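[1] build me a structure from this.
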Amino acid sequence: MGNVMRIDLLSRAGLIDQLVDEVKIFFLPMAELTGTFWENMGNEASMNHAFGSHVIVHLLRDVLGLYRVDSVSKVVQVRFSDSSISMCEGRVPTPDGFVSLKWEKTSGKLTYQVDAPAGYDVEVRNQGTLIAAPRSFPHGKIEYGYKIEGGYK
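    As a prediction, the model looks like this:
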């Protein structure tokens, strides 16, 4: 429980690189061993604990940038922030289909593509120092699982 709260505090402080590093330290071993997040670091408690999965909120919101996906108002808010991560991609389900976001950093720019279901408004806010520019990435099979260096492969 303490590690989830710690990740939340790192998020609030905008320490995205440290957040990613600590997610890999605390949560990646759990996911690699059991495919779940645990109640605590030891294996003497629940090894499939819903509270531990809150870390995914931070990966989607703070690292990927899908700050808010509101399927009732049909609004997607994207917020980019500074980090040393060179690329990221992911998606979130809605009743109307997936909201997908992919971005990469090249030549001092952050290029991104947001795909949302028809009828959704997308608002992009760049809180980082790089220039953010929309781009169309080639469509095709998205290879999910390659999001954080040192993570799943």
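[2] and the helices in this protein?
    Secondary structure of the chain, counting by DSSP state H: helices at 2-12, 16-26, 28-34, 55-58.
[3] so for residue 131, which of those sits nearest?
    The closest approach between residue 131 and any of the helices of the chain, judged by C-beta to C-beta, belongs to helix 16-26 at 18.2 Å. No exception for glycine: its C-beta is placed from N, CA and C like everyone else's.
[4] buried residues, the closest one. List them.
    When neighbours are counted by 16 or more other C-beta atoms under 10 Å, the buried residues of helix 16-26 are found to be 16, 19-20, 22-23, 26.
[5] one step back: dump the helices of the chain to a markdown table, plus distance to residue 130 and mean pLDDT.
    Putting these into a markdown table (distance: least, C-beta to C-beta, whole Å; pLDDT from 0 to 100) gives the following:
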| stretch | distance to residue 130 | mean pLDDT |
| --- | --- | --- |
| helix 2-12 | 20 | 86 |
| helix 16-26 | 13 | 89 |
| helix 28-34 | 26 | 83 |
| helix 55-58 | 21 | 86 |
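[6] can you get me a residue count around residue 73?
    For residue 73, the number of neighbouring residues by other C-beta atoms under 10 Å comes to 9.
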